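Engineer: Sequence below, structure please.
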Amino acid sequence: MLFKRLSFWPYGLQLKECGLMTPRQAFADIFDAMNAAVIGQEEVVRRILIAILADGHVLMEGFPGTAKTRSVKTLSKLVDSEFGRIQFTPDLLPSDVTGAEIYREQTGEFVFQNGPIFGNLILADEINRAPAKVQAALLEAMEERQVTVASQTHPLPGLFMVLATQNPIEQEGTYPLPEAQMDRFLLYVRVDYPQSEDETAILRLVRGEKSGDGKAPPPPISQDVVFAARKEVNAVTVAEPAEKYIVDLVMATRQPDRFEGDLPRWIRLGSSPRGTIALDAAARAHAWLAGQDFVSPDDVRAVAPACLAHRVHLTYEAEAAGVTRPQVIEALLKQVVAV
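Structural biologist: Model (predicted):
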C-alpha cells in the first residue's frame, strides 16, 4: 500500500480546513484524487508524485489516449500552480519556449517577454516532434532552473517541473531526444493501456463529466505544502547498506561483464552519476509516501526501472532482438542483490 492513511476523506477535509493537515496527508489526498480522474494508471500517478517530491522532471511515453496529458492537467488542478503547455511541432522555435526580447517603441527599449517555460508545471507535449535546437532550449531550464536570453539570466519559479510526453509508435516527423537531454529527466514512465475493468470505469467517468455529474476535485494545496513535503523527504534516512545497493546497481550498468547471462550482450553504455542521484532522491520520496522514515532495498527496487531505464544504452544486438530498456533493468535487479 502506497500510503498509510491516518484519516478517511471527510475527516481529512476537516483537518485541511483547520490548517492541521500534514504534508503526507495532503499528498495522500492528491494520490486519491488523481487516481479517481486517471483510472487504471496508479503506477503512473505514484511516479509523478515521486518526481514532484524529489524536485525532478518526468518523461512519459505511451500510446495516444492513455491519459498522459490528463494526468498532468489533473495534478495542476490539485496544486496551487501555474500550468503551462507547450505543443511541440516541427516549426517551433526556441524563443517559443523560453521567450524573447521585444522592442517597445514607446520607450525605445528591449523588454524580455516570458515564454511558456515560466510556469510551475510545464507540459511538453509530444516533445520528440520538435527539432534538436528547440529540445535543447529546455536543457538549461531543466538543469539550472533558469533561462538565458541575450546574455540576461532569468530565474524560474521555485516550484518548477517539466512533464514531457512522447509517442513510441510514430517515427515520421519526429526527432529522437538526445541522450544528454534524456539524462535530465529524473524518471522515465511507461504509460500502458488500462485493463478491461478500468476501461468500463473510464467510460462512466467521461460520461459523468460530460453530463455535469462528475465529482468535484478537492481544493488545491498550496506550494508551501509541497516545499514542506520536500523537506521531510530530504530528511528520510538512507543507511549505508541502502547507499551501497544504489551504487551497486549503477555500477552494474557500467560493468555488465561482471555478470552472467544476457546483460553483457545487452548493455553498451551504463548510467551517468545522475542515475545514482536520481535513485537516491526517488527512493527517499517512495519511502516517505509509504510512511517510512528510512529507505529500504524495496524502495530502491521500486524506483530503479523509472530511474535507470532511460539512462542505459542498448547494444545493436539487443535492439535487433527487440529487447527494451525496462527489460534490461528488470534483469539487472535479479542479478544485483542487496547486502
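
Engineer: Spatially nearest residue to residue 41, not counting backbone neighbours?
Structural biologist: Ranked by Cβ to Cβ, 6 or more residues apart in numbering and with sequence neighbours excluded, the top spatial neighbour of residue 41 is residue 67, at 5.9 Å. Any C-beta I mention is one placed from the backbone N, CA and C, and that applies to glycine too.

Engineer: how close does the one you found sit to residue 48?
Structural biologist: 11 Å (Cβ to Cβ, to the nearest Å).

Engineer: what's the answer for residue 184, then?
Structural biologist: 17 Å.

Engineer: ditto for residue 142
Structural biologist: In terms of Cβ to Cβ, residue 142 sits 16 Å off from residue 48.

Engineer: Okay, now the unreliable bits of the protein?
Structural biologist: Within the chain, the ranges that satisfy pLDDT under 70 run 1-20, 170-173, 214.

Engineer: Outline the domain layout of it.
Structural biologist: 9-225, 236-335 (automatic domain parsing).

Engineer: Out of the ones you listed, which one sits most buried?
Structural biologist: domain 236-335 (a mean of 19; mean count of other Cβ atoms under 10 Å).

Engineer: all helices for the stretch 201-339 of the chain, in order.
Structural biologist: 223-234, 240-254, 263-266, 273-289, 297-308, 316-320, 325-335 (DSSP state H, counting those that start in this stretch).

Engineer: Make JSON lines out of those helices and add distance to residue 88.
Structural biologist: Shown next, in JSON lines, are the helices of the stretch 201-339 of the chain (distance: least, Cβ to Cβ, whole Å):
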{"stretch": "helix 223-234", "distance to residue 88": "26"}
{"stretch": "helix 240-254", "distance to residue 88": "29"}
{"stretch": "helix 263-266", "distance to residue 88": "30"}
{"stretch": "helix 273-289", "distance to residue 88": "23"}
{"stretch": "helix 297-308", "distance to residue 88": "22"}
{"stretch": "helix 316-320", "distance to residue 88": "25"}
{"stretch": "helix 325-335", "distance to residue 88": "22"}
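
Engineer: what's the closest non-adjacent residue to residue 280?
Structural biologist: Leaving aside its sequence neighbours, residue 280 sits nearest to residue 246 (Cβ to Cβ, 6+ apart; 5.8 Å).

Engineer: Who is the spatially most central residue of the chain paired with across the strands?
Structural biologist: Residue closest to the average C-alpha location in the chain (Cα atoms, centre = their mean): residue 58, at 2.4 Å. Beta-bridge pairing of residue 58, defined through DSSP bridges, involves residue 163, residue 187.

Engineer: list the contacts for it?
Structural biologist: 47-48, 51, 161-164, 185-189 (Cβ atoms under 8 Å, 6 or more residues apart in numbering).

Engineer: Which one of the residues you listed is nearest to residue 254?
Structural biologist: Nearest to residue 254, judged by Cβ to Cβ, of the contacts of residue 58 is residue 188 at 18.3 Å.

Engineer: which residues sit in contact with the closest residue to that closest one other than its chain neighbours?
Structural biologist: Nearest residue to residue 188 in three dimensions, chain neighbours excluded: residue 310, at 3.8 Å (Cβ to Cβ, 6+ apart). Contacts for residue 310 (Cβ under 8 Å, 6+ apart) come out as 59, 182-183, 185, 188, 325.

Engineer: Need the residues you listed in TSV (columns: distance to residue 115).
Structural biologist: Output for the contacts of residue 310, formatted as TSV (distance: Cβ to Cβ, whole Å):
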residue	distance to residue 115
59	20
182	22
183	23
185	20
188	25
325	32
